[in-house]
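>>> Give the three-dimensional model of this entry:
(4 chains)
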Number of protein chains: 2
Amino acid sequence: MTTPKRRLPVMADVAKEAGVSHQTVSRVLNDHPNVRADTRARVEAAITRLGYRRNLVARALVTKRSRTLGVVSFDTTLYGPASTIYGIEQAARTAGYFVSIVSLKSIDADNVRDAIDYLAEQGVDGVVVVAPQRSAARALESLPAGLPAVAVEGTHRADVSVVCIDQMEGAKLATRHLLDQGHDTVWHVSGPHDWMETEGRLEGWRAALEEAGRPVPEPLAGDWSPRAGYEAGKSLAAMDGVTAVFAANDQMALGVLRALSEKGVRVPQQISVVGFDDIPESEFFSPPLTTVRQDFDVVGRHCIEVLLRQIDLGHAAYERLVVRPSFVVRSSTAPIR
Amino acid sequence: MTTPKRRLPVMADVAKEAGVSHQTVSRVLNDHPNVRADTRARVEAAITRLGYRRNLVARALVTKRSRTLGVVSFDTTLYGPASTIYGIEQAARTAGYFVSIVSLKSIDADNVRDAIDYLAEQGVDGVVVVAPQRSAARALESLPAGLPAVAVEGTHRADVSVVCIDQMEGAKLATRHLLDQGHDTVWHVSGPHDWMETEGRLEGWRAALEEAGRPVPEPLAGDWSPRAGYEAGKSLAAMDGVTAVFAANDQMALGVLRALSEKGVRVPQQISVVGFDDIPESEFFSPPLTTVRQDFDVVGRHCIEVLLRQIDLGHAAYERLVVRPSFVVRSSTAPIR
DNA sequence: CGAGGGGATATGACCGAGCACATCTTGCGG
DNA sequence: CCGCAAGATGTGCTCGGTCATATCCCCTCG
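So this is what the prediction gives:
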């Protein structure tokens, strides 16, 4: 071996190379003002000459700030979580933070708690929990001491910051749109039990119907998957008097459309369908889907804002940020004839 | 203040509490065999009593292993990258590693290089780069010294490990399937320029046509989005003699289906359509999409396997792992009449 | 011309773990 | 009953930065 285990250069190496003390190198690295221009230049030259790269682990040890944020999420394959995390990551990096992710495949309070502990051990400065199940929300009740946290759709409790989308509002927009078009009532294909979104959308839908004095049909339970929507769609097609369906997400709406099309039911001529999410595909469904648009990106950005505010403050400061959904009318809904 | 800035307990605190040395605590934490059972019990009791949690940052400093892997990816909102990352994260966590993610919104070699540097600075033990653009692949040519890395679909170079899906094979499956059904030739809606997948699928499609001695039509260029597929679909509908279309991904296939349906062209009776990816939605398109299935999950797992092997070995060991796609026949293709 | 002051730089302790090595026990064979 | 090896535990240094503080330098002003 000609190269005797070439160790990566450290601050002391740079200091020697530049003929200064390690402290001066540190000052240069941290843009400290009190460094003479020529010294700075010399140090910088030494840094590039040696290919020095600062060791953030050592830095984190002494500053007690890792500049890393943890994210706990459920099924990052779904469009909603994926988009939210994307927003989180972008915002975090802009603010100079790393993002460490744990994605759970099954949700319960223990799993979430473990994930948070795991991240806390790693020394994250804060966590955002994207796990909108009621059971997961319980894990937020016992956070490691002093760990800043923010939940997405997670909880109604007042001692954890929350960023959420106004699910009820979205569901009302969808339901009212259908009622305004003259439909007697609106059927609902709901999300899986235990999800906050499921409940919010269910409530909003029910409230809108009740406000209008309409009958509230029994909702059909789904699980967000297109297959569940498909099954629900088959049931709906077999029922009498169904003219309007509000699916709790776009994937299920797709399944509904598919089932109706198979049964020869024309959308929107015979049945109108509305979704929720506005995934990129829904504009190109057959027919293009009328849906509720959620701006996940904004949610992700808000999470980071809230979290960083909490971190900078150095103590808990609970906020609740509600993002309003919008409504996108396309061709899957029409006035009743 | 009654609580005088309650510092988190450290190893020394546990040691004192248990009446042993910090080293013994360390041994207990690391499951070192040579610790008497009762000592272990005493230490463990002290740990829970104090709510002690090991500081992995300090540990990383001395072991020079952060047990964190970096992932650089492009647009984690897309189904492919999202699924791959999911697989990566699951496999990494099972192996006891954290995953730190950087998702780029625009790709060029500089961005990728910066992202890798950023992660290297943070002390990751290795990186996987999910950026299947030719330009991004160039960034892999100049990795920080000694940083284990693996690319997904990234490069043909022999000095970086690669895990990829056999794109050509997938494209050939799709094209041959259509030819076998009696179509004279197959049109292609390709992905955006510069992507490895685009090229692989293009090549496979062309090769399959040439092998069969068929004419090779000019491919239509898309950008993976359903909108691009829609535009391509409108063009195809306006052309004569088009009976079979191979779209480079399912989203574009959806756009094609939509355009054809608008123009009153029936699928598969008049035109057959094949996609690529097998996203969860494609089974419920109208009609359900025949497509090439990629197992992203497996790709993610392989990435971690290869990477960990490299890390454990302590030196470079280049591997190339090819995952074979499969073919899913549904209702968007039919024999020509 | 010397005191005073602020900017530039150096020195040493410290963060919280692991590692190498030293030391003290214990058990077992002769 | 001793010697010795293996097992159990402790000691002090180290990782690579930052922080608090000390020191030095040079300039200004009375």
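
>>> who in chain A is up against DNA strand D?
Chain A has residues A:7-8, A:10-12, A:22-23, A:26, A:29-30, A:52, A:54-55, A:58-59, A:61-63 near DNA strand D, with proximity defined as C-beta under 7 Å from any atom of the strand. Placement of C-beta: from N, CA and C, glycine included.

>>> Which ones among those residues lie within helices?
A:Met11, A:Ala12, A:His22, A:Gln23, A:Ser26, A:Leu29, A:Ala58, A:Arg59, A:Leu61, A:Val62, A:Thr63 (DSSP state H).

>>> List phi and psi for the nearest residue to A:Ser190 once chain neighbours are set aside.
Distances taken as C-beta to C-beta, 6 or more residues apart in numbering or on different chains place A:Pro219 nearest to A:Ser190, at 4.6 Å, with adjacent residues excluded. Reported as degrees, to the nearest 10, the phi and psi values for A:Pro219 are phi -70, psi 150.

>>> same question, the one 5 residues further on
Backbone torsions for A:Trp224, taken as degrees, to the nearest 10, come to phi 80, psi -20.

>>> Check the gap between it and A:Leu254 for me.
Noted for A:Trp224: a distance of 11 Å to A:Leu254, by C-beta to C-beta, to the nearest Å.

>>> These two: who's more crowded?
A:Leu254 (32 against 25; other C-beta atoms under 10 Å in any protein chain shown).

>>> Whichever of the residues of chain A next to DNA strand D end up buried, select them in PyMOL.
In PyMOL syntax, the buried subset of these is picked out as below (16 or more other C-beta atoms under 10 Å in any protein chain shown):
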select buried, chain A and resi 10+11+26+29+52+54+55+58+59+61
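
>>> Show me what the lowest-mean-pLDDT helix or strand in chain A is packed up against.
Within chain A, no helix or strand scores below helix A:134-138, which has a mean of 84 by mean pLDDT, DSSP states H and E. Helix A:134-138 sits against helix A:109-122, helix A:196-211, with contacts defined as 3 or more C-beta pairs under 8 Å, 6 or more residues apart in numbering or on different chains; DSSP states H and E.

>>> rerun that using 10 Å as the cut-off
Packing partners of helix A:134-138 (3 or more C-beta pairs under 10 Å, 6 or more residues apart in numbering or on different chains; DSSP states H and E): helix A:109-122, strand A:126-130, helix A:196-211.

>>> for chain A, what spans make up the strands?
Using DSSP state E, the strands found in chain A span residues A:68-74, A:98-104, A:126-130, A:149-152, A:161-165, A:187-190, A:220-221, A:244-247, A:272-277, A:290-293, A:320-323, A:326-328.

>>> Quick one: closest of these to B:Pro268.
Among these, the nearest to B:Pro268 by C-beta to C-beta is strand A:272-277 (24.1 Å).

>>> For the stretch 151-300 of chain A, give me the ranges with low pLDDT.
When residues are selected by pLDDT under 70, those of the stretch 151-300 of chain A lie in A:155, A:158.

>>> so which residue of it comes closest to DNA strand D?
Going by C-beta to the nearest atom of the strand, DNA strand D is nearest to A:Ser161 of the stretch 151-300 of chain A, at 26.6 Å.

>>> thinking that residue is in contact with A:Leu308, fair?
No - here A:Ser161 lies out of contact with A:Leu308, judged by C-beta atoms under 10 Å, at a distance of 11.3 Å.

>>> Between these two, which has more neighbouring residues?
A:Ser161 (26 against 20).

>>> do you know how far that one is from B:Arg42?
In this view, A:Ser161 and B:Arg42 are 39 Å apart by C-beta to C-beta.

>>> what does A:His188 give?
For A:His188 relative to B:Arg42 (C-beta to C-beta), the value is 58 Å.

>>> and if you look at A:Ile47?
For A:Ile47, the distance to B:Arg42 - C-beta to C-beta - is 48 Å.

>>> between the two, which one's more packed in?
Each of A:Ile47 and B:Arg42 has its neighbours counted (other C-beta under 10 Å); A:Ile47 has more, 21 against 17.

>>> what's the more buried one in contact with, if anything?
A:Pro9, A:Met11, A:Asp13, A:Val14, A:Glu17, A:Ala18, A:Val25, A:Val28, A:Leu29, A:Arg53, A:Arg54 (C-beta atoms under 10 Å, 6 or more residues apart in numbering or on different chains).

>>> looking at the residues you listed, which has the most residues close by?
A:Val25 (27 neighbours).

>>> for chain A, longest helix please?
Chain A, longest helix under DSSP H: helix A:296-313.

>>> buried sites along it?
Buried residues in helix A:296-313, counting neighbours by 16+ other C-beta under 10 Å, are found at A:296-308, A:310-311.

>>> name the helices or strands packed onto it?
Using 3+ C-beta pairs under 10 Å, 6+ apart: helix A:296-313 touches strand A:68-74, helix A:79-94, strand A:126-130, strand A:149-152, strand A:161-165, strand A:320-323.

>>> And the third one, how far out from the chain middle?
Remark: strand A:126-130 is offset 10 Å from the chain centroid, using C-alpha atoms, centre = their mean, to the nearest Å.

>>> ok, now stretch A:107-126?
17 Å.

>>> right, is that stretch up against chain B?
Yes - residues of stretch A:107-126 contacting chain B under C-beta under 10 Å from any C-beta of the partner chain: A:Ala115, A:Asp117, A:Tyr118, A:Leu119, A:Ala120, A:Glu121, A:Gln122, A:Gly123, A:Val124.

>>> Can you point out the buried residues in the least confident helix or strand of chain A?
Applying 16+ other C-beta under 10 Å to helix A:134-138 flags A:Arg134, A:Ala136, A:Ala137, A:Arg138 as buried.

>>> what's the answer for stretch A:238-251, then?
Those would be A:Val242, A:Thr243, A:Ala244, A:Val245, A:Phe246, A:Ala247, A:Ala248, A:Asn249, A:Asp250, A:Gln251, for stretch A:238-251 by 16+ other C-beta under 10 Å.

>>> Would you mind listing the outside residues contacting the least confident helix or strand of chain A?
Contacts with helix A:134-138, where a contact means C-beta under 10 Å, 6+ apart, come from A:72, A:74, A:104, A:107-113, A:115, A:129-131, A:151, A:153-157, A:160, A:162, A:193-196, A:198-199.

>>> Filter those residues down to the buried ones, ChimeraX style.
This is the ChimeraX syntax for the buried subset of those, where burial follows 16+ other C-beta under 10 Å:
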select /A:72,74,104,107,108,109,111,112,113,115,129,130,131,151,153,154,155,160,162,195,196,198,199
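
>>> For the stretch 51-200 of chain A, which residue gets nearest to DNA strand C?
Closest point on the stretch 51-200 of chain A to DNA strand C, by C-beta to the nearest atom of the strand, is A:Val62, at 3.5 Å.

>>> which parts of chain A sit against DNA strand C?
Residues of chain A lying near DNA strand C (C-beta under 7 Å from any atom of the strand): A:19-24, A:27, A:33-36, A:39, A:58, A:61-62, A:64.

>>> Can you narrow the residues you listed down to the ones near chain B?
Okay, of the residues of chain A next to DNA strand C touching chain B (C-beta under 10 Å from any C-beta), that's A:Ala58, A:Leu61, A:Val62, A:Lys64.

>>> Brilliant, that's me finished.
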